[in-house]
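Enquirer: Sequence below, structure please.
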Amino acid sequence: MTARFVAYLRVSTTKQGQSGLGLEAQRGAVESHVGACGGWLVAEFVEVESGRRRDRPQLAAALAACRAHKAVLVVAKLDRLARNVAFVSTLMESGVEFVAADMPTVNRLTVHILAAVAEEEARMISARTKAALAAAKARGVRLGNPRLQSGTSDAARMAAAAKSAQAKARAADLASVVAEIRAAGVGTLTGVAKALTARGIPTPSGRGGWRATQVARIERNGAPAVRPA
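Expert: Down below sits the predicted model:
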């Protein structure tokens, strides 16, 4: 029987761009793997969330779809799932087979080891950063930019630039999701907002459901245009 796959794509809201693997690149890697296996993709789920969190509704939905279709969960890279051994262990015990397109031949033991290495690497980076900051502070080094005082015009400009960059990065992450929603026939801001909420995609504040004004703001920062509600 032809192999069935369910794709899980994820981008992080807190470390965007670090992996260099955006949604479209992930989708391409997944489709290449599925094609090489002679299989077919029965569903795709997109999540915008930090890899450190476990409460991911789209991943839960993807696993449910795998069980329903007796399909294999496919991701572009192992780190799209998590850098957390406990999380990977839970996934391995879910009864769903999964594969990473960049390492299609690894077995469950190898995946567990790689997850452990990734988790330890993340812990060591965090520990080294904290130790370096503590050592610098002990030497009397003033952390931050001593020339940048709160309340100055320079601080305001830098804060505005950082906020704008973050908004544009967020819009780029959501562009393909909005495009999929529009392709399904949803043409209004309110309709897109309801669809984003239904998919479990977090709002910019991380609280509540999406509103038309938030979708419009995302649109202005690079997402496809939609008709006003």
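Enquirer: Tell me the helix or strand right after the lowest-mean-pLDDT helix or strand in the chain.
Expert: Confidence across the helices and strands of the chain bottoms out at helix 85-92, with a mean of 70, counting by mean pLDDT, DSSP states H and E. Note on helix 85-92: by DSSP states H and E, the next helix or strand toward the C-terminus is strand 98-100.
Enquirer: And this protein, what are its domain boundaries?
Expert: 4-110, 153-220 (automatic domain parsing).
Enquirer: Turn these into a markdown table, including distance to Met124 and mean neighbour count.
Expert: The C-beta positions use only the backbone N, C-alpha and C, and glycine is treated the same way. Supplementary listing: the domains of the chain in a markdown table, determined by distance: least, C-beta to C-beta, whole Å; neighbours: other C-beta atoms under 10 Å:
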| stretch | distance to Met124 | mean neighbour count |
| --- | --- | --- |
| domain 4-110 | 12 | 17 |
| domain 153-220 | 26 | 16 |
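Enquirer: Out of the ones you listed, flag the one nearest Ala132.
Expert: domain 4-110 (19.2 Å; C-beta to C-beta).
Enquirer: for that closest one, the distance to its chain's centre please.
Expert: A distance of 11 Å separates the C-alpha centroid of domain 4-110 from that of its chain, computed with C-alpha atoms, centre = their mean, to the nearest Å.
Enquirer: ditto for stretch 169-176
Expert: A distance of 11 Å separates the centroid of the chain from that of stretch 169-176, by C-alpha atoms, centre = their mean.
Enquirer: ok so, going back, got JSON lines for the domains of the chain, with distance to Ala127 too?
Expert: As requested, the domains of the chain are arranged in JSON lines below (distance: least, C-beta to C-beta, whole Å):
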{"stretch": "domain 4-110", "distance to Ala127": "15"}
{"stretch": "domain 153-220", "distance to Ala127": "26"}
